[in-house]
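K.L.:
predicted coordinates and the sequence they were generated for:
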Amino acid sequence: MKKRIFFLVFVVLFLVLALNFISAETCCIEPLEGKWCQDDLPDNECSPGSQISTTCATYTPCKKGTCVSEVSGECSSGVYKVYCESKGDEWYDQPKDNVVVNGVNVCRKGCCFYGDSTDFVKYVECKVIATTYNVNVNFDASITDEAICTGLSSGNEEVACVLENGYSRNCVRMSKQDCLGVGGSPSRADLLCTAPQLATDCAKSKETTCLRGKVYFTDTCGNIANIYDKSMYSENLNGWNSLMKDYWTYIKKPSESCEIDSNKGFSSSCGNCDEIQGTICRSYDEAKQNKANNGMLKPNVGNNVCASMDCYYDTDDNSFTQEKLYLHGERWCAETKGTLHHIGITGETAKFTNATRETLTNFQVGVSENNFKQTFQDSYNDYNLPGSRYTMLSCIDGKVYEDSCADFRQEICMESTMGSETGNFKNAKCIENNFDSCMDRGDKTSCEEDLFCKWIYGYRFDNQKVNTIHDRDEENQGSCVPLFAPGLKLRYSEGEEIPEESICSLASFGEVVKYETAWTRIRDNFLDKPLCDTSGLDKNFDHTSDCADNCYIIPTYGRQEYNEAYFKIEELLNLHKGRRVLGENLGETCLSERKAYYCEDKVGPVIGSQADCAKKEDLRKEMPLFFRHDGWMYSIKDRARSLGDCGYKPGIFMENLEDLDSDLESVFAIYKTIKASGSEKKTFDVQKVYERDFELVEDFYSTI
């Protein structure tokens, strides 16, 4: 019995271990780099959401089969199902030669009849002809010879037309019908004008030309011959062999011609260019200007080559940075001045990457009991500047083309990177900057659900305050603004509707800062008193210590001492909740010493480092919108400059910020003395507090 128990325990343990081992296998469908469907890749090498708990071999989307392009008709073997379908192509679980649709093998060429013409193409390519030219087509898969297919066209089939005129025997390739119309003698469809049996005046030539993307020989009469092949022409009459003579007698299909070394990506010895493989006919002089053709030799025959369709381009236009290689068909965003470069998107929903959002989010604040944070960054002078415009670049046929997105940043350029067999392939597009609805969203959740909006904690556009005694309500206390600041149109043509009010006006606001003091103290010289006095020498007013409401607007408020570091947010939160957390009296800091700042319906000074009344929730005042002056300053700055070309932002052609109007972004203060009844007693002159990029005005307060 003991042996049996031991055996059962051993079996159970073995199964558990085996199951644990099996569950560790994973399949990465879309790695960040390299081929699709790889087993056991680390999480940081796999695209988000594409890691599954099984082996790739047992996962159906990672099965290999035949991928058929609905655009080009190209059939590729050994392609993963998920990769094929991600490109919008059709995938089949059969070898290439066995893919049959509606009784037709779609990967084998046949004869496509349309109108009076025929083409020897694949079934899918025949359907493309029907769509492109809006014609009815008929595909005959039983015709497997190109010459037979070509000969089945009506009088429009091209032939070598021999034209005799006395002793002259000219030859021109034209349709059979046209040849008969000019009194010529049409030959067989598979003969070239240089065929010996036609005995024409047209001779072999070393000249070449571009036709349908390939390089072709031309004869001395200017007719198109076969695809250029260096080995099929010689200046030495004794150097012609039977293959060369045959090549200048009969029309050869591209499949019967030379092949380009796909590892090089270009050729000056073979003209059988293949756009699917990334080569196209170009003159040698034009091709050598493209660095993708580095190493190409000048052709011995003619002046045309099969050039790479890829491009080298210096995207950042920096002479210190080498040009990068972009593949034919790639599209990417230009690094135009004053825009955010390479805006990333991820996933099928085309959401911006976290890096993009973090770069454009200048002010963040945590306001809950367990979330004490307040972070700033200044990207205002780097991205979405006045005059900037997003631009998309494309590599097409070895040339880079620019496409400007809509002006005034009504469109932005964003790009994604897709793994391919040859590496990372970029795709970009200009998308509409849908910022119009942002200002109508009154809470953080709905704001950040919108792709083009961001939430800035602080003032609301309706000027309401929803903060409570417990927290500052980050969810509702703030403004929803554009993530990508739009441009402002300054000039309008005749007949255009001019908006009554600029979007920048939404950034303007007014706030009342209240001070409290005993009736025995003189207030008329208040403006001469320091912002913050931690020396304890001046007992007759101090702006920070005598503040009773909205104190965060006062420059230096929240600092440990004047021009010293700020207190931590956690410390100030606890202070407003009546907890003793500061190791010094409030009079020795740049904080309020008035109970009215911490408690409702209270007057008089705080004794020591805490407001005892704030310990009682029924007396505690609502949390202030900001605990420190820097939080208030960054919040209103971020809101103003995110709305558009608003505030103190340099244009892309401006070299010196000092050239900007100092009043583009200003903060003014109006001081009033109030009677005990609350009525106004005296109003002082308006004082400018901040100008430019929140620089304190020199003559603001005599002590500054």
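P.N.:
Happy to help now that I have it.

K.L.:
mean confidence for stretch 471-491?
P.N.:
Computed over stretch 471-491, the mean pLDDT rounds to 88.

K.L.:
alpha carbons of it, as PDB, please.
P.N.:
Extracted C-alpha coordinates of stretch 471-491, given in PDB (Å, rounded to 0.1, in the frame of the first residue of the first chain):
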ATOM      1  CA  ASP A 471      -9.700  66.500  -2.700                       C
ATOM      2  CA  ARG A 472      -9.400  68.800  -5.700                       C
ATOM      3  CA  ASP A 473     -11.400  66.500  -8.100                       C
ATOM      4  CA  GLU A 474      -8.900  66.000 -10.900                       C
ATOM      5  CA  GLU A 475     -11.600  64.200 -12.900                       C
ATOM      6  CA  ASN A 476     -13.700  67.400 -13.300                       C
ATOM      7  CA  GLN A 477     -11.600  70.300 -12.300                       C
ATOM      8  CA  GLY A 478      -9.700  71.200 -15.500                       C
ATOM      9  CA  SER A 479      -9.900  72.000 -19.200                       C
ATOM     10  CA  CYS A 480     -10.000  69.700 -22.300                       C
ATOM     11  CA  VAL A 481      -7.800  71.200 -24.900                       C
ATOM     12  CA  PRO A 482      -6.300  70.100 -28.300                       C
ATOM     13  CA  LEU A 483      -3.400  67.600 -28.100                       C
ATOM     14  CA  PHE A 484      -2.000  69.200 -31.200                       C
ATOM     15  CA  ALA A 485      -2.300  73.000 -31.000                       C
ATOM     16  CA  PRO A 486      -4.000  74.100 -34.200                       C
ATOM     17  CA  GLY A 487      -2.800  77.100 -36.200                       C
ATOM     18  CA  LEU A 488      -4.700  80.400 -36.400                       C
ATOM     19  CA  LYS A 489      -5.600  82.000 -39.700                       C
ATOM     20  CA  LEU A 490      -4.700  85.700 -39.600                       C
ATOM     21  CA  ARG A 491      -5.700  86.700 -43.100                       C
END
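
K.L.:
what comes up buried for that stretch?
P.N.:
The neighbour-count check on stretch 471-491 (16 or more other C-beta atoms under 10 Å) flags 471-475, 477-488 as buried. In short, each C-beta sits where N, CA and C put it, glycine included.

K.L.:
let's see which of those residues end up in strands.
P.N.:
Among those, DSSP state E puts 478-482 in strands.

K.L.:
got those residues as JSON lines, with distance to Y59 columns?
P.N.:
Shown next, in JSON lines, are those (distance: C-beta to C-beta, whole Å):
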{"residue": "G478", "distance to Y59": "45"}
{"residue": "S479", "distance to Y59": "46"}
{"residue": "C480", "distance to Y59": "42"}
{"residue": "V481", "distance to Y59": "44"}
{"residue": "P482", "distance to Y59": "42"}
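
K.L.:
out of those, flag the one nearest to K206.
P.N.:
The closest of these to K206 turns out to be P482 (C-beta to C-beta; 62.1 Å).

K.L.:
so what's that closest one bridging to?
P.N.:
Beta-bridge pairing of P482 under DSSP bridges involves C453.

K.L.:
tell me the contacts of it?
P.N.:
433, 435, 438, 452-454, 642-644 (C-beta atoms under 8 Å, 6 or more residues apart in numbering).

K.L.:
gap between stretch 649-667 and the chain center?
P.N.:
28 Å (C-alpha atoms, centre = their mean, to the nearest Å).

K.L.:
tell me where the stretch 201-350 of the chain has strands.
P.N.:
Listed in chain order, the strands of the stretch 201-350 of the chain (DSSP state E, counting those that start in this stretch) span 208-211, 214-218, 224-227, 279-283, 304-308, 311-313, 324-326, 331-333, 343-346.

K.L.:
got the domain boundaries for this structure?
P.N.:
Domain segmentation of the chain under automatic domain parsing yields 1-62, 109-151, 203-309, 324-489+503-507, 514-518+525-549+551-624.

K.L.:
three-state assignment of the residue nearest the centre of the chain?
P.N.:
Central residue of the chain (C-alpha atoms, centre = their mean): M414, 2.2 Å from the mean position. State at M414, reduced to three classes by DSSP: H, G, I helix; E, B strand; the rest coil: strand.

K.L.:
do I431 as well
P.N.:
Once three-state DSSP is applied, I431 turns out strand.

K.L.:
give me the beta-bridge partners of it?
P.N.:
Assessed by DSSP bridges, I431 has beta-bridge partners I412.

K.L.:
correct me, but it touches Q410?
P.N.:
No - counting by C-beta atoms under 8 Å, I431 does not reach Q410; the two are 10.3 Å apart.
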